[in-house]
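Undergrad: coordinates for the following, if possible.
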Amino acid sequence: MTRRELLALMATAPLVRAKEAPTAPVSIARCRGYDGDLTGTLSTMFDRLGGLGRIVKNKTVTIKVNLTGSPGLRFQGKPLGLTHYTHPKMAAATAYLLERSGARRVRFVESCWATSGPMEEYLLDSGWNVRMLFGAASKVEFVNTNALGKAKRYSRFQVPGGGSIFPAFDLNPAYEETDVFMSMAKLKNHATCGVTLSMKNCFGITPASIYGDDAGVDEPNENPAQGRGSVCHAGERQPAKSAPQENDPTSSRHPGYRMPRIVADLASARPIDIALIDGVETVTGGEGPWIRGLRAVQPGVIIAGVNPVTADSVATAVMGYDPRANKGTAPFVDCDNTLRLAEARGAGTTDLKNIEVRGLSIQEALFRFPA
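TA: Okay, the predicted model is just below:
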């Protein structure tokens, strides 16, 4: 084989992988606000995917919501659900629909920022009507997975193939004690990963007790009060020694290298069964109020799928980006493409030609985010 032939083969290799990666249809719906028939819209979306009942009947469904950052950090004084948090009405409508589809139990989870206290209290601080959520379904639970809480031990999730950064993750057992795992994300940019959709949302399943800046050295700190910048983003320290340590402590410490790989590894270790991405009202330019240049927008769409890579790829396209873009191209200006990394692990395809979109087309739903 000549050098030119070898280069040609290498250039086509990602396209071959994209065709071989698994695919699943993605549903897009128009939704201009949270006060309409949200349940009906979601029901129609999931009917287009074959119905929720076939996935959740007689099952425990665990929903990872997006409550990134402190509840005290609000953008332009707006309710958190209209900017960078999951909207409580989206959560309530989903819980109602899940029970109507036969789910045995609905459990909301999040590693609540800088606290190990009850998730219900965090939701109240965030402006949620917790009573509304309890009334949405007969068996609703809330678990703050930022620490062990009432559980007796952490659950270890191995990364197939050994992982890029960590070989395995120790997580709250709520992520193991479930039949169906849903990621309820916002349609947003992300300063480190370019976009934060269903897969990036699940970076939040890592407990700060182990992966936080104030995690214990040998054992978890069960009262964490900080974020995960030192361990995960910057690699300035290792997680608590009770959990698996990095594969290669000499690897790049650049957040744009580390975070996409950690997210892709988590998506392989704790697979997402249902991806639900809220683009009704959100923000552009970053993931929260701490990012300069943030702007509130109303794309007016919801995206759902049963494969997180295909759902995130379609969502990325709805944002006006190429889901297969390389580092250096928006939105992956200073980071590797998490979607492509997950695809390389066999989690799903990023090739839009191999993804069936049902409901609105990508072109009809298009809302261009910053270049």
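
Undergrad: doesn't residue 202 lie inside a strand?
TA: No: under DSSP: H, G, I helix; E, B strand; the rest coil, residue 202 falls outside any strand and is assigned helix.

Undergrad: for it, give its distance to residue 157.
TA: Shown here: residue 202 relative to residue 157, a distance of 11 Å by Cβ to Cβ, to the nearest Å. C-beta coordinates here come from the backbone N, C-alpha and C atoms, glycine included.

Undergrad: show me which of these two is the more surrounded one.
TA: Neighbours were tallied for residue 202 and for residue 157 using other Cβ atoms under 10 Å; the higher tally belongs to residue 202 (24 against 20).

Undergrad: look up how far residue 342 lies from the nearest residue to residue 197 once chain neighbours are set aside.
TA: Once its chain neighbours are removed from consideration, residue 197 has its nearest residue in residue 312; the separation is 4.2 Å (Cβ to Cβ, 6 or more residues apart in numbering). Plainly put, residue 312 is 8 Å away from residue 342 if you go by Cβ to Cβ.

Undergrad: which neighbours do these two share?
TA: Counting by Cβ atoms under 8 Å, 6 or more residues apart in numbering, the common neighbours of residue 312 and residue 342 are residue 199.

Undergrad: neighbour count winner among these two?
TA: Set side by side, residue 312 and residue 342 show unequal neighbour counts under other Cβ under 10 Å, the larger going to residue 312 at 32 against 27.

Undergrad: packing partners of the host helix or strand of that one?
TA: Element membership for residue 312, per DSSP states H and E: helix 308-318. Under the contact criterion of 3 or more Cβ pairs under 8 Å, 6 or more residues apart in numbering; DSSP states H and E, the helices and strands touching helix 308-318 comprise strand 26-30, strand 194-196, helix 198-201, strand 274-279, strand 301-305, helix 338-344, helix 362-365.

Undergrad: need the ones you listed in a markdown table (columns: distance to residue 331 and mean pLDDT).
TA: As requested, the helices and strands packed on helix 308-318 are exported to a markdown table (distance: least, Cβ to Cβ, whole Å; pLDDT from 0 to 100):
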| stretch | distance to residue 331 | mean pLDDT |
| --- | --- | --- |
| strand 26-30 | 19 | 98 |
| strand 194-196 | 4 | 98 |
| helix 198-201 | 11 | 98 |
| strand 274-279 | 15 | 98 |
| strand 301-305 | 16 | 98 |
| helix 338-344 | 10 | 98 |
| helix 362-365 | 16 | 98 |
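
Undergrad: what stretches of the protein score poorly on pLDDT?
TA: Residue ranges of the chain with pLDDT under 70: 1-19.

Undergrad: quick one: the helices in it?
TA: Listed from the start of the chain, the chain has helices (DSSP state H) covering 3-20, 38-48, 53-56, 88-100, 119-125, 130-136, 198-201, 208-211, 255-269, 308-318, 338-344, 362-365.

Undergrad: how about the ones you listed, which one is nearest residue 31?
TA: helix 38-48 (5.3 Å; Cβ to Cβ).

Undergrad: which of the residues in that closest one are buried?
TA: 38-39, 41-43, 45-46, 48 (16 or more other Cβ atoms under 10 Å).

Undergrad: greatest separation within the residues you listed: which pair is it?
TA: Of all the pairs that the buried residues of helix 38-48 form, the one spanning the most space (Cβ to Cβ) is 38 and 48, at 16.1 Å.

Undergrad: what's the neighbour count on the residue lying closest to residue 297 once chain neighbours are set aside?
TA: Among residues not flanking residue 297 along the chain, residue 284 sits closest, at 5.2 Å (Cβ to Cβ, 6+ apart). Residues lying near residue 284 (other Cβ under 10 Å) number 19.

Undergrad: correct me, but residue 284 touches residue 291?
TA: No: using Cβ atoms under 8 Å as the test, residue 284 is too far from residue 291 to be in contact (10.0 Å).

Undergrad: alpha carbons only: can I get stretch 148-162 in PDB?
TA: This file holds the C-alpha atoms of stretch 148-162, laid out as PDB (Å, rounded to 0.1, in the frame of the first residue of the first chain):
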ATOM      1  CA  LEU A 148     -24.100   8.300  49.200                       C
ATOM      2  CA  GLY A 149     -27.100   9.600  51.100                       C
ATOM      3  CA  LYS A 150     -29.200   6.900  52.600                       C
ATOM      4  CA  ALA A 151     -27.600   4.200  50.600                       C
ATOM      5  CA  LYS A 152     -25.100   1.800  52.100                       C
ATOM      6  CA  ARG A 153     -22.500   1.600  49.300                       C
ATOM      7  CA  TYR A 154     -21.600   3.100  45.900                       C
ATOM      8  CA  SER A 155     -22.100   1.100  42.700                       C
ATOM      9  CA  ARG A 156     -19.200   0.600  40.400                       C
ATOM     10  CA  PHE A 157     -19.800   1.100  36.700                       C
ATOM     11  CA  GLN A 158     -17.100  -0.300  34.400                       C
ATOM     12  CA  VAL A 159     -16.300   1.500  31.200                       C
ATOM     13  CA  PRO A 160     -16.400  -1.100  28.300                       C
ATOM     14  CA  GLY A 161     -12.900  -1.300  26.800                       C
ATOM     15  CA  GLY A 162     -11.300   0.300  29.900                       C
END
